[in-house]
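**Student:** Structure for this input, please:
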Amino acid sequence: MRVILTREINTWERTMKMMKNLRFSGQGIGLSVVATVGLLSFPALAEKSPSMEDMWRMIQEQQQIIEQQQRQIEVLMNRADETDEKIEATGDMVESVAEGSGGPGGWWTRTSIGGYGELHHEGGDKDEIDFHRFVLFINHDFTDDIHLFTEVELEHALAGEGEEGEVELEQAFIKFDFNQDKGAVNAGLFLIPM
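**Tutor:** This next block holds a predicted model:
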């Protein structure tokens, strides 16, 4: 504001010097032209300039706005940093799961369920279906060296009193691996190979 005010005062002083140096020739046109040019070149005369108190108040208000915006920027930057950390952690987790190196997984990631069966259909007078054999096995790896193996067999679909079917626990044992499958100990119920 100081620079603008100084320029306008200098303009006013020049206008006044021009009016003093003007020789009145009786026509009056020169004086009115110089006065009009002087008034047009000094717009501060037409408007009231703010007082020093008003200027100080405006500066303080603007400073408060700047400080508020700086706090908002800081909050947003912190949120952006937190988001970046979450994205990085998510990416790391996805990569570790894709590489098979673990990650949050429950027992189901180390458990396998399978089975097989044999179904017979007898047509003619009987016209019946018989599950001659249905075998279900559930295996679980407790660690890289300790494994559980189970096998349950259902024969002839129905089991119970007066029925010819039966349910048997064929195998249920824990295998302890020593030295990566070069030596192992099995404990439990298991079939002996023939």
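**Student:** avg pLDDT for the lengthiest helix in the chain?
**Tutor:** Of all the segments of type helix in the chain, defined by DSSP state H, the longest one is helix 52-98. Averaged across helix 52-98, pLDDT comes to 92.
**Student:** neighbouring contacts of the very next helix or strand once past that helix?
**Tutor:** Toward the C-terminus, helix 52-98 is succeeded by strand 111-122 as the next helix or strand (DSSP states H and E). The set of residues external to strand 111-122 that reach it, using C-beta atoms under 8 Å, 6 or more residues apart in numbering, is 128-141. For every residue, glycine as well, the C-beta is placed using N, CA and C.
**Student:** Of these, just the buried ones, ChimeraX syntax please.
**Tutor:** In ChimeraX, selecting the buried portion of these, with burial taken from 16 or more other C-beta atoms under 10 Å, looks like this:
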select :130,134,135,137,140
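**Student:** I'd like the contacts of strand 111-122 as JSON lines, with secondary structure and distance to residue 120 appended.
**Tutor:** As requested, these are exported to JSON lines (DSSP: H, G, I helix; E, B strand; the rest coil; distance: C-beta to C-beta, whole Å):
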{"residue": "128", "secondary structure": "strand", "distance to residue 120": "9"}
{"residue": "129", "secondary structure": "strand", "distance to residue 120": "7"}
{"residue": "130", "secondary structure": "strand", "distance to residue 120": "5"}
{"residue": "131", "secondary structure": "strand", "distance to residue 120": "8"}
{"residue": "132", "secondary structure": "strand", "distance to residue 120": "5"}
{"residue": "133", "secondary structure": "strand", "distance to residue 120": "9"}
{"residue": "134", "secondary structure": "strand", "distance to residue 120": "12"}
{"residue": "135", "secondary structure": "strand", "distance to residue 120": "15"}
{"residue": "136", "secondary structure": "strand", "distance to residue 120": "18"}
{"residue": "137", "secondary structure": "strand", "distance to residue 120": "22"}
{"residue": "138", "secondary structure": "strand", "distance to residue 120": "25"}
{"residue": "139", "secondary structure": "strand", "distance to residue 120": "28"}
{"residue": "140", "secondary structure": "strand", "distance to residue 120": "32"}
{"residue": "141", "secondary structure": "strand", "distance to residue 120": "35"}
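**Student:** What is the nearest of the contacts of strand 111-122 to residue 72?
**Tutor:** Closest to residue 72 out of the contacts of strand 111-122 is residue 141 (52.5 Å), distances taken as C-beta to C-beta.
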